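pasting the structure only:
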């Protein structure tokens with residue numbers, strides 16, 4: 001799909017562009033938000049902007065897409081963009097916004113690289129950008145259609161019907177549609193965006209996995225309070241302010257890491273709050289009377305820190321061929337059979353033909369994926385979900 005002339009130019013200039021991407025994306029966001037401050041209200045995550053995570057994700061996506069195009073110029077690597085497309089739809093990105101991004105991104109490239117950006121170089125990278133944008137626009141249109149919503153029109157009001165303290169820093173919210181309409185269809189493993197107005201009047205969005213069976217009209221999200229400096233804006237507001245009877249604004253469900261319906265063995269692997277989509281999958285398996293073999297592996301600081309631990313045990317007990325193995329850095333009598341320390345799959349019988357779902361911090365997933373590959377699980381059978389911006393590189397996990 002990339003023309004031969006452009007491929008030659010991109011190949012020659014990719015090292016220089018990739019080397020300057022951090023500066024380019026820094027200038028891009030600064031200029032765009034200066035000129036279009038409304039984009040920070042309900043679209044971009046201020047926390048990820050402050051930490052640089054969003055900048056790194058954008059830089060990684062540009063470099064990764066260009067590298068994939070050069071590896072096979074006659075194809076467009078659409079599969080690599082699926083996760084980005086789902087994240088875009090979960091915040092309501094629309095086609096017209098790609099023109100805005102193009103304007104400021106290419107302005108930043110010209111400012112940073114200066115005279116090196118000849119008309120030929122600009123045209124080649126313009127082709128790369130619109131190939132990437134075109135692929136995303138097409139995927140996002142399909143995702144919106146499948147979700148039954150118009151592009152960008154993803155929001156509905158939901159009423160909190162129950163709040164449950166899971167651990168000292170984790171709370172679950174059970175929700176029902178507040179507009180009287182049925183809940184949108186969802187699949188186990190998907191997530192929703194929560195849109196909240198901050199004390200300064202700016203809206204912020206965060207994504208939370210569905211942590212219960214998504215088959216009915218109730219939905220549950222389980223939220224860990226993000227501590228630190230700065231603290232997590234949305235999670236702390238949810239913890240401090242939201243009670244039964246309050247309304248929250250939720251998006252339609254999105255996400256491409258979803259429970260399959262095959263009969264092959266299933267392995268659910270998580271750490272910390274990464275347990276939430278796994279519990280949603282377990283709940284779906286239990287609700288549908290699944291009989292496939294299921295192995296649940298989870299690592300946490302301690303049993304007291306393990307959110308939804310009792311529910312995980314209860315759901316696993318309802319499945320005829322399911323087992324659990326837990327690891328705790330600080331084990332105690334609440335889980336006498338748990339292993340001590342970080343997750344180590346030595347001695348764990350992981351079927352080589354299993355479908356594996358991973359969720360947790362990226363270093364955890366990278367380490368466990370390496371172990372799974374060593375046990376003979378094929379890479380194509382390992383699926384993962386990342387909280388926050390995905391550092392979109394082929395070897396990220």
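The structure has been received and is ready for your questions. Predicted model only: the values in this text are computed from it and were never measured. Numbers count the residues shown, from 1 in each chain.

Looking at the chain, which strand is longest?
strand 155-167 (DSSP state E).

Going by neighbour count, list what's buried in it.
Going by neighbour count (16 or more other CB atoms under 10 Å), the buried part of strand 155-167 is 155-156, 158, 160, 163, 166-167. Placement of C-beta: from N, CA and C, glycine included.

Dump these to TSV, plus pLDDT and distance to residue 270.
Shown next, in TSV, are the buried residues of strand 155-167 (pLDDT from 0 to 100; distance: CB to CB, whole Å):
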residue	pLDDT	distance to residue 270
155	97	29
156	97	28
158	98	25
160	98	25
163	98	23
166	98	14
167	98	15
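
Make JSON lines out of those and add distance to residue 272.
Shown next, in JSON lines, are those (distance: CB to CB, whole Å):
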{"residue": "155", "distance to residue 272": "28"}
{"residue": "156", "distance to residue 272": "29"}
{"residue": "158", "distance to residue 272": "25"}
{"residue": "160", "distance to residue 272": "24"}
{"residue": "163", "distance to residue 272": "21"}
{"residue": "166", "distance to residue 272": "12"}
{"residue": "167", "distance to residue 272": "10"}
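
Quick check: closest non-adjacent residue to residue 260.
Nearest residue to residue 260 in three dimensions, chain neighbours excluded: residue 355, at 5.9 Å (CB to CB, 6 or more residues apart in numbering).

So the residue lying farthest from the centre of the chain: helix, strand or coil?
Relative to the centre of the chain, and counting by CA atoms, centre = their mean, the farthest-placed residue is residue 115 at 38.0 Å. What DSSP: H, G, I helix; E, B strand; the rest coil gives for residue 115 is helix.

Can you give me every residue that contacts it?
By CB atoms under 8 Å, 6 or more residues apart in numbering, no residues touch residue 115.

For the residue nearest to residue 260, give its distance to residue 232.
From residue 355 across to residue 232, the span is 32 Å (CB to CB, to the nearest Å).

again with residue 41
In terms of CB to CB, residue 41 sits 18 Å off from residue 232.

Which of these two has more residues huddled nearby?
residue 232 (18 against 14; other CB atoms under 10 Å).

For the helix or strand residue 104 falls within, which helices and strands make contact with it?
Residue 104 belongs to helix 96-113 when elements are defined using DSSP states H and E. Secondary-structure packing of helix 96-113 (3 or more CB pairs under 8 Å, 6 or more residues apart in numbering; DSSP states H and E): helix 4-35, helix 119-147.

tell me the contacts of residue 263?
Residue 263 touches 291-292, counting by CB under 8 Å, 6+ apart.

again, but for residue 247
157-160, 178.

Contacts for stretch 374-391, please.
By CB under 8 Å, 6+ apart, stretch 374-391 touches 45, 48, 53-54, 56-57, 60, 83-84, 87, 189, 191, 207, 209, 255, 257, 273-274, 277, 345, 350, 352-359, 362, 365, 369, 372-373, 396-397.

Now, these that are in strands?
Counted as lying in strands by DSSP E, out of these, are 191, 207, 209, 355-359.

Can I get these in CSV including pLDDT?
Formatted as CSV, the ones in strands among the contacts of stretch 374-391 follow (pLDDT from 0 to 100):
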residue, pLDDT
191, 97
207, 95
209, 97
355, 97
356, 97
357, 97
358, 96
359, 96
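
What is the nearest of these to residue 316?
Distances from residue 316 to these, taken as CB to CB, are shortest for residue 357 (14.9 Å).

Tally up the residues packed near the closest one, please.
25.

show me the contacts for it.
189, 257, 259, 266-269, 277-278, 281, 383-385.

What's the separation between residue 173 and residue 5?
From residue 173 to residue 5 the distance is 54 Å (CB to CB).

Quick check: closest non-adjacent residue to residue 80.
residue 68 (6.0 Å).
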